[in-house]
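>>> Predicted model, plus sequence, below.
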Amino acid sequence: MPRPGFVLDVDRSTPPLLFWHGEGFRLEKLPPERTRVIYPPEPLDPMKDPQAAIRRALLNPLGDSKPLPELLFPDMKLTIAFDDVSLPLPPMRRPDVRQRVIEAVLDMAAEAGVDDVHLIAALALHRRMTEAELRHAVGDRVYDAFAPSGRLYNLDAEDTDAMAYLGTTESGEEVEINRRAAESDLLVYVNINLVAMDGGWKSTATGLASYRSLRHHHNVHTLQQSRSLMDHHRSELHSSNWRMGKVITDAGVKIFQIETTLNTDTFPSPFEFLMKREWEWTARDRALFIGSSKSLARTPSRITRQIFQSIKAPHQMTSVQAGEVGPVHEETIRNVHRQQLVEVDGQTDILAMGLPYICPYNVNSIMNPILVMCLGLGYFFNLYRNKPLVREGGVLIMSHPTPWEFHPVHHPSYIDFFEQVLSETTDPLRIEAEFEKGFAEDEWYRHLYRTSYAYHGVHPFYMWYWGAHALQHVGRVIIVGGEPRSVRRLGFMPASTMNDALEMASDVVGRTPTITHLHVPPLLLADVK
Amino acid sequence: MKLPQIPRLSLVSRLPFPFTAARTPIAVDPLPDKRRTGANYDTEWARSFGARMARLGLLEGVLTPAMEVLAVPDRRGLDRLRDLADADPPQPVIFAANHHSHVDTPLLLSSIPEPWRHKTFVAAAADYFFTSRVRSAASALVLNAIPIERTRVSRRPADDAAALIEDGWSLVIFPEGGRSPDGWGQPFRGGAAYLSLRCHVPVVPVHIEGTGRILRKGKNRPSRSATRLTFGEALWPGEGDDSRRLAVRIERAVAALADEVGTDWYSARLRAHRTETPPLSGPDAPSWRRAWALGDRGPKRRRPQERRWPDLG
């Protein structure tokens, strides 16, 4: 029976605590009596027979939807859209859950004699997936059956002919999604819900949408009003996507949503100790920690990056549900909460967290300083319900080397954003008003997005907006062990050690602040009372 | 004067009792066959610790590298075995493959993943692999083979195989009963299906393509050629299954894998649901046309490209 997450009050007997530090780790001793650590729940037991569970879900849909075989007929136009390389994290070992679901859907389509099938990687303005990444996601069988004939491809949100305008929400938000998906007799969306923010109408209204549509919710106002992104009742991003979902439904797009949840079995052997509580590390775990952290510290960053990026998570499926978007997503969220929710009493003065080597936007790539900001302030800060873990005006301490490094193929516009925009201002509202349009409509970035493997020109702006709520909420951000130049460019303060960081925080929160260490990954969702 | 030569054997056979063994009278039941070869060869020693270690060394040190060079295998569908592989305790399975060549067995043994890789035995023809003491010992040691009689029904090999499966061993079997004489498949026999039903273990269909080009039946010297192994979804015996019905399911599954190799997975699924999967036995036509049709088979090769961009990380 997996143990639930819990909150540990640090005392003098508490061992030093593990902090992720990019492609490495740190052990930090935090002040006793006023520090607490939030540990994630242990991975839930997976479904016994995932294939049978998927089939059962397709045959017994939720909401008003008919079973999938009843929606399939020989001369129909079927489109299957699926989540891109940003999910799950780290990428899961084969077979990926998308492959399992897509094969089950296609098997039913084959039984119904459906010939006209397209598969689309719903990546919105993310970079295109490479052949190896597509093969990993959908499996070799599906790839070999559809990609050579051009029926499996990445979404191109800048191909104006391939996008269809469906209407405007009552709040004036334009909805434009992929034409093939919109004009199909059935759109099947295959999702992985790693965190509560994923899935629901966000799958179609964001994953298959263009800049014209995305700018209505990927903006500073919406993201500052999403408190948090992981709480669908209080997320403006969620509300906007739901309004767009209504437009999509009213336009006659027929969607069969399939959502899956995974357990938090995140690291394979020999890195399992990263999921354990420090006092439960065996002699082998301790030896592995010492060996790996010492050797990683002496290894060139290029090689450590390769080692970590090759990690395939042993994630396993904990639920699968299919049918109408709303009821499916409710059930999905229930399952995400079953795995990730941890009750926490009250807020804290300082929130400390170690940032790992990966976020949704640097799979097989480099975690550049903008992504460090997005992971810390955008994702980890938002891992809460009700109230943020840190009080308003509190301090956020993150641990990451934050090197001034960018992947020139994946993140070309990030480089210019970092050099040209952040050197002018770090204020999200000013950035949005003065710089966004130029980057979003830049022909060179468009060209790289469409033909290379580059994130769209506007993407670094969205990363910055993702942290806008945290920037507005906290009084200071300190990065421990970060490269001073790049940390200062982000508008944060660099600190060499955790003690230095606590000392620097005392200006803002006093000499005896309360501290909370968010012990992630594996992921959790703090339910702050 | 030169005496006419008398063949030695015929001289011996003409010797009377007691110089030769007496015939058993027709009215008397013969004593059990005590021959130490053929179907009676006792292979238990081949599962001892020492023999297993020696086999591990041979498999990893000799057979697998040799197969990598000789057969350049492209292994597909191993992901379909993931759930079975994760079972605790490990689930024994029966790997049932089509059979073109002597290369099939070492190629399959070198392709089977953990947890079965080092706990697998092979059903081998008693009249071929167990004809002499040396050949029997070599088959038992290298392949962990147990003798199966092809020409008559016998209880002992089935009992031995079932006992091993119940003991957690997995079986490699070629249900066609022998290598293909012309490159096309032969009807599947019921051995794999019978054992699956008896021990209630799943059958993993495997399609092997290309080994006929390396060492087809009738050829003595191997030549290097690319091969493809495709592992299918495990087939569990259903409630209404008997040996014949399950054998048909296994044959269909292998045929569908062959179709998948020749076309693509979705086309193969479309045809399978329309019951239009081309049979393994090939067209019902004269031999030259069957040989001609062989040219249409085989994979449309397209190797995955792991890295299409220069590494700038």
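Thanks, I have it.
>>> Whichever residue of the stretch 51-200 of chain B sits closest to chain A - nearest residue in space that isn't next to it in sequence?
Nearest residue of the stretch 51-200 of chain B to chain A: B:Asp79, at 4.0 Å (C-beta to the nearest C-beta). Using the backbone N, CA and C atoms, a C-beta is placed for each residue, glycine as well. Of all residues not flanking B:Asp79 in the chain, A:Pro95 sits nearest, at 4.0 Å (C-beta to C-beta, 6 or more residues apart in numbering or on different chains).
>>> how close does the one you found get to B:Glu233?
11 Å (C-beta to C-beta, to the nearest Å).
>>> so what's in contact with the two at the same time?
Shared contacts of A:Pro95 and B:Glu233 (C-beta atoms under 8 Å, 6 or more residues apart in numbering or on different chains): B:Arg80.
>>> Send me the biggest helix by length in chain B as PDB with only the CA atoms.
For chain B, the longest helix by residue count, based on DSSP state H, is helix B:243-262. Output of helix B:243-262 as PDB, limited to C-alpha atoms (Å, rounded to 0.1, in the frame of the first residue of the first chain):
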ATOM      1  CA  SER B 243      -5.600 -27.400 -29.200                       C
ATOM      2  CA  ARG B 244      -6.800 -27.200 -32.800                       C
ATOM      3  CA  ARG B 245      -8.600 -23.900 -32.400                       C
ATOM      4  CA  LEU B 246      -5.700 -22.300 -30.500                       C
ATOM      5  CA  ALA B 247      -3.200 -23.600 -33.000                       C
ATOM      6  CA  VAL B 248      -5.200 -21.800 -35.700                       C
ATOM      7  CA  ARG B 249      -5.200 -18.600 -33.600                       C
ATOM      8  CA  ILE B 250      -1.400 -18.900 -33.300                       C
ATOM      9  CA  GLU B 251      -1.000 -19.400 -37.000                       C
ATOM     10  CA  ARG B 252      -3.200 -16.500 -37.800                       C
ATOM     11  CA  ALA B 253      -1.300 -14.300 -35.400                       C
ATOM     12  CA  VAL B 254       2.000 -15.200 -37.000                       C
ATOM     13  CA  ALA B 255       0.500 -14.600 -40.400                       C
ATOM     14  CA  ALA B 256      -0.700 -11.200 -39.300                       C
ATOM     15  CA  LEU B 257       2.800 -10.400 -38.100                       C
ATOM     16  CA  ALA B 258       4.100 -11.500 -41.500                       C
ATOM     17  CA  ASP B 259       1.600  -9.200 -43.100                       C
ATOM     18  CA  GLU B 260       2.700  -6.300 -40.800                       C
ATOM     19  CA  VAL B 261       6.300  -6.900 -41.900                       C
ATOM     20  CA  GLY B 262       5.300  -6.900 -45.600                       C
END
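>>> Please identify the buried residues of it?
Of all the residues in helix B:243-262, those buried under the rule 16 or more other C-beta atoms under 10 Å in any protein chain shown are B:243, B:246-247, B:249-262.
>>> Ok, stretch A:111-122 next?
Quick answer for stretch A:111-122 (16+ other C-beta under 10 Å): A:112, A:114, A:117-122.
>>> In strands, which of those residues fall?
A:117-122 (DSSP state E).
>>> list the helices and strands the longest helix of chain B packs on?
On a contact count with 3 or more C-beta pairs under 8 Å, 6 or more residues apart in numbering or on different chains; DSSP states H and E, helix B:243-262 meets strand B:94-97, helix B:191-199, strand B:203-209, strand B:227-231, helix B:265-273.
>>> again, 10 Å this time
Contacts defined by 3 or more C-beta pairs under 10 Å, 6 or more residues apart in numbering or on different chains; DSSP states H and E place helix B:243-262 against helix A:140-146, strand B:73-76, strand B:94-97, helix B:191-199, strand B:203-209, strand B:227-231, helix B:265-273.
>>> Throw those into TSV and include distance to A:Arg180, thanks.
Output for those, formatted as TSV (distance: least, C-beta to C-beta, whole Å):
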stretch	distance to A:Arg180
helix A:140-146	13
strand B:73-76	29
strand B:94-97	40
helix B:191-199	44
strand B:203-209	34
strand B:227-231	31
helix B:265-273	17
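>>> what stretches of chain A score poorly on pLDDT?
Counting by pLDDT under 70, chain A contains no low-confidence range.
>>> contacting residues for the most centrally placed residue in it?
With distances taken as C-alpha atoms, centre = their mean, the residue of chain A nearest its centroid is A:Pro360 (4.6 Å). Neighbouring residues of A:Pro360 by C-beta atoms under 10 Å, 6 or more residues apart in numbering or on different chains: A:84-89, A:126, A:194-195, A:198, A:371, A:374-375, A:378-379, A:463.
>>> What about chain B: which of these touch it?
Subset of the contacts of A:Pro360 in contact with chain B: empty, counting by C-beta under 10 Å from any C-beta of the partner chain.
>>> Pick out the most distant pair among the residues you listed.
Largest separation among these by C-beta to C-beta: A:Pro88 and A:Met463, giving 19.4 Å.
>>> what about B:Gly178, neighbour count?
Neighbour count for B:Gly178, taken as other C-beta atoms under 10 Å in any protein chain shown: 14.
>>> helix, strand or coil for it?
Recorded secondary structure, B:Gly178: coil (DSSP: H, G, I helix; E, B strand; the rest coil).
>>> Wait, it touches B:Pro187, no?
No. B:Gly178 is beyond contact range of B:Pro187, at 11.4 Å (criterion: C-beta atoms under 10 Å).
>>> circling back to that earlier point, between the longest helix of chain B and helix B:191-199, how big is the angle?
Angle between the axes of helix B:243-262 and helix B:191-199 is 120 degrees (criterion: axes from the mean of the first three to the mean of the last three C-alpha atoms, to 10 degrees).
>>> Now A:Leu186. Its backbone dihedrals?
Taking degrees, to the nearest 10, you get phi -150, psi 130 for the backbone angles of A:Leu186.
>>> residues contacting it?
A:68, A:71-73, A:76-80, A:105, A:109, A:114, A:253-256.
>>> picking up where we left off before, the residue nearest to the centre of chain A - that's part of a strand, no?
No. Per three-state DSSP, A:Pro360 lies outside any strand segment and is coil.
>>> What separation do you get for it and A:Tyr379?
Separation of A:Pro360 from A:Tyr379 (C-beta to C-beta) stands at 8 Å.
>>> Can you pull the residues that touch both of the two?
A:89, A:195.
>>> secondary structure class for residue 90?
Because you didn't say which chain, this covers chain A. coil.
>>> I was after chain B.
Following three-state DSSP, B:Pro90 is assigned to coil.
>>> Can you get me a residue count around it?
B:Pro90: 15 neighbours (other C-beta under 10 Å).
>>> Thought B:Gly168 was touching it, still the case?
Yes. Here B:Pro90 reaches B:Gly168: they are 6.9 Å apart, a contact under C-beta under 10 Å.
>>> So for the two, which residues contact both of them?
Common contacts of B:Pro90 and B:Gly168 (C-beta under 10 Å, 6+ apart): B:115-116, B:119.
>>> just checking: which of those also lie near chain A?
Okay, of those, nothing touches chain A (C-beta under 10 Å from any C-beta).
>>> export those residues to JSON lines and tack on pLDDT, secondary structure and neighbour count?
Compiled in JSON lines, the shared contacts of B:Pro90 and B:Gly168 are given as follows (pLDDT from 0 to 100; DSSP: H, G, I helix; E, B strand; the rest coil; neighbours: other C-beta atoms under 10 Å in any protein chain shown):
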{"residue": "B:Pro115", "pLDDT": "93", "secondary structure": "coil", "neighbour count": "19"}
{"residue": "B:Trp116", "pLDDT": "95", "secondary structure": "coil", "neighbour count": "23"}
{"residue": "B:Lys119", "pLDDT": "94", "secondary structure": "coil", "neighbour count": "18"}
